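J.: Would you be able to build a 3D model of this:
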Amino acid sequence: MLTLRVRSPLTQLSVLGMGGALAFTACSDGTSRSSGLGPLPTGFGGFGGIVAAQPAGSAAVGVQRAGSGGDVNTPPPSCQNVPKGQVPLIDDFEDGNTAAAQEVYREGFWGTVHDETAGELLPLGEFAPEAGGREGSRYDAHVKASGYSEWGALISTTLTYLWEDVHCPYNASAFAGLRFYVKGSGRVRVALAIPATQHKEFGGSCDPDKGQICYDIHSTFVTLAAEWTLYEVPWSAFRQRGFGTPAEFRPDQVVIVQFAFDNDVLPVELWLDDLSFWNGVSTPLTTGTGGTGGTGGVNAAGDSAGGVSGVSEGGAGGVAGEATP
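T.: Below is the predicted model of the structure:
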C-alpha cells in the first residue's frame, strides 16, 4: 500500500515549451490553448491505474531514483545526457510572473488550457500569480474551472533544459518526488509529462503511426481541502491511468508539471503555492492536541488503504484520512 505524507495546518499558511512545439496560443476569445499538450481523454480504461494521494501523518514513504549523473553547469553532449538539476524550487510565484523559478539552463513557463466545449476557466488567457498566498507568501496560483465536458482544463508549466536553443527534458532524478501546498475544492490530478507519453509531433516520442496511444501522463490524485495542505509525493505515486501505451516513469525526463481538472470532477477551484521537487526527507511536524483517525479509505487502484490522520501545525487536531473515489 502506498501512503503519501501530508500536513494540513489550521492557519493559512509568455509560455514556451520544448523546442517551441509546446507553445501556447492566445485565442480570439481571450483563452489560451495548446495542441502541444494534446487531448487528455478520461474514458479509455478510466482511472484504475492511478493511486490517489491520501492524507497521512506517518513516516517517510519509499523513494525511487533514476537518471544520469553530471554537473548541472556542464552542458550535455545530447539530450540523452542532461545533468541532474540542483534547484528544487519550481515556483513560489513571488515574482508575480508566468516564468518558473530560475536555474542554470532550466526554463519553464506557466499557462492555462481547456478543451473546446462550453465552460469557464479563470484566469483566462495568460496566467498570472494572484496576491494573497499562504502565510508568509505574497502570491500564489489560483485557478477555477467548471462546465467542460470533453476532457476538462488544467494549469501547467513546461520545464526543460535549454542549451543552445535546444530544449531537452529536465533531469529531476536528483530528487525523490514533488512537494507543494494546495487548498480549494474538488479533486485535482497532479501529473508529470515525459517524452514517452507525448505525441512525436509536439516533441515527444509517442508515435500513433506505430499504434501507440499518447497522453497517458503519469499522475496522482489530490482531493483539496479548505486549509492549506502540504503534499510530499514520491515518484512511485505517479502512474499512468491505463488507457495509453505503457511507459516507465522517468524523473530524469520531465517536460511538463501539470495540475489537471478532469471533466468528470468539475467544478474545481485550486490555490497552489511553493511548488518544488522533494528531497525525500519528511518535513518535521508539530502534533496538535486532537487528531482524528481516518475511517479507512479506498485508493483509485481499488486497493484497501486505511485512512491515517494528518497532523496540524500546533493546531487543535489533525485532519482525518478520507475515502477517495
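J.: CA atoms for contacts and neighbours, from now on please.
T.: Will do.
J.: pLDDT weak spots in the stretch 51-200 of the chain?
T.: Under the criterion pLDDT under 70, the flagged ranges of the stretch 51-200 of the chain are 51-78, 125.
J.: ok, now the stretch 201-325 of the chain?
T.: 285-325.
J.: now the helices for it?
T.: With DSSP state H, counting those that start in this stretch as the criterion, the stretch 201-325 of the chain has no helices.
J.: In it, what residue spans correspond to strands?
T.: Remark: strands assigned in the stretch 201-325 of the chain by DSSP state E, counting those that start in this stretch are 218-223, 229-234, 256-262, 268-278, 297-298, 304-305.
J.: how about these, which one is nearest Val104?
T.: strand 268-278 (15.9 Å; CA to CA).
J.: the inter-axis angle of the closest one versus strand 256-262?
T.: 160 degrees (axes from the mean of the first three to the mean of the last three CA atoms, to 10 degrees).
J.: Tell me the strands beside strand 268-278, with direction?
T.: strand 89-91 (antiparallel), strand 139-146 (antiparallel), strand 177-185 (antiparallel) (DSSP bridges).
J.: okay, the ones you listed in TSV with distance to Glu120 and mean neighbour count next?
T.: Output for the strands paired with strand 268-278, formatted as TSV (distance: least, CA to CA, whole Å; neighbours: other CA atoms under 10 Å):
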stretch	distance to Glu120	mean neighbour count
strand 89-91	25	22
strand 139-146	5	23
strand 177-185	16	23
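J.: circling back: can you tell me which of the strands of the stretch 201-325 of the chain comes nearest to Ser146?
T.: Of all these, strand 268-278 comes closest under CA to CA, at 6.6 Å.
J.: could I get the strands of the stretch 201-325 of the chain as a markdown table with distance to Val82 and mean neighbour count?
T.: Formatted as a markdown table, these follow (distance: least, CA to CA, whole Å; neighbours: other CA under 10 Å):
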| stretch | distance to Val82 | mean neighbour count |
| --- | --- | --- |
| strand 218-223 | 21 | 24 |
| strand 229-234 | 22 | 25 |
| strand 256-262 | 16 | 25 |
| strand 268-278 | 17 | 22 |
| strand 297-298 | 39 | 18 |
| strand 304-305 | 38 | 16 |
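J.: how about the ones you listed in TSV, adding distance to Val166?
T.: Converted to TSV, the strands of the stretch 201-325 of the chain look like this (distance: least, CA to CA, whole Å):
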stretch	distance to Val166
strand 218-223	24
strand 229-234	29
strand 256-262	16
strand 268-278	23
strand 297-298	44
strand 304-305	44
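J.: between these, which one is nearest to Thr160?
T.: Of all the strands of the stretch 201-325 of the chain, strand 256-262 comes closest under CA to CA, at 8.1 Å.
J.: neighbouring strands for the closest one, and are they parallel or not?
T.: So strand 256-262, judged by DSSP bridges, has these partners: strand 152-158 (antiparallel), strand 187-193 (antiparallel).
J.: and it with strand 218-223, angle?
T.: Going by the same axes, to 10 degrees, strand 256-262 makes 50 degrees with strand 218-223.
J.: which residues touch strand 256-262?
T.: 42, 145, 151-159, 187-194, 268 (CA atoms under 8 Å, 6 or more residues apart in numbering).
J.: Weed out the non-buried ones from those residues.
T.: Those of the contacts of strand 256-262 that meet the buried threshold are 42, 145, 151-159, 187-194, 268, by 16 or more other CA atoms under 10 Å.
J.: burial of Val281, as a residue count?
T.: 11 (other CA atoms under 10 Å).
J.: quick one, phi psi at it?
T.: phi -100, psi 120 (degrees, to the nearest 10).
J.: what about it, distance to Arg250?
T.: Per CA to CA, to the nearest Å, Val281 is found 20 Å from Arg250.
J.: same check, this time on Ala128
T.: With CA to CA as the criterion, Ala128 and Arg250 are 29 Å apart.
J.: now Val104
T.: 21 Å.
J.: Who has more neighbours out of these two?
T.: Arg250 (20 against 14).
J.: So the more buried one sits against Ile194, correct?
T.: Yes: with contacts counted by CA atoms under 8 Å, Arg250 reaches Ile194, the gap being 7.0 Å.
J.: sorry, back to before: now the strands paired with strand 256-262 in a markdown table, with distance to Val257?
T.: Shown next, in a markdown table, are these (distance: least, CA to CA, whole Å):
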| stretch | distance to Val257 |
| --- | --- |
| strand 152-158 | 5 |
| strand 187-193 | 5 |
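J.: Of all these, which one comes closest to Ala174?
T.: strand 187-193 (15.7 Å).
J.: Hmm, Trp110 and Ser156 touching each other?
T.: Yes: using CA under 8 Å, Ser156 makes contact with Trp110 at a distance of 5.6 Å.
J.: what about the residue lying closest to His142 once chain neighbours are set aside, distance to Trp278?
T.: Among residues not flanking His142 along the chain, Trp271 sits closest, at 4.5 Å (CA to CA, 6 or more residues apart in numbering). In this view, Trp271 and Trp278 are 19 Å apart by CA to CA.
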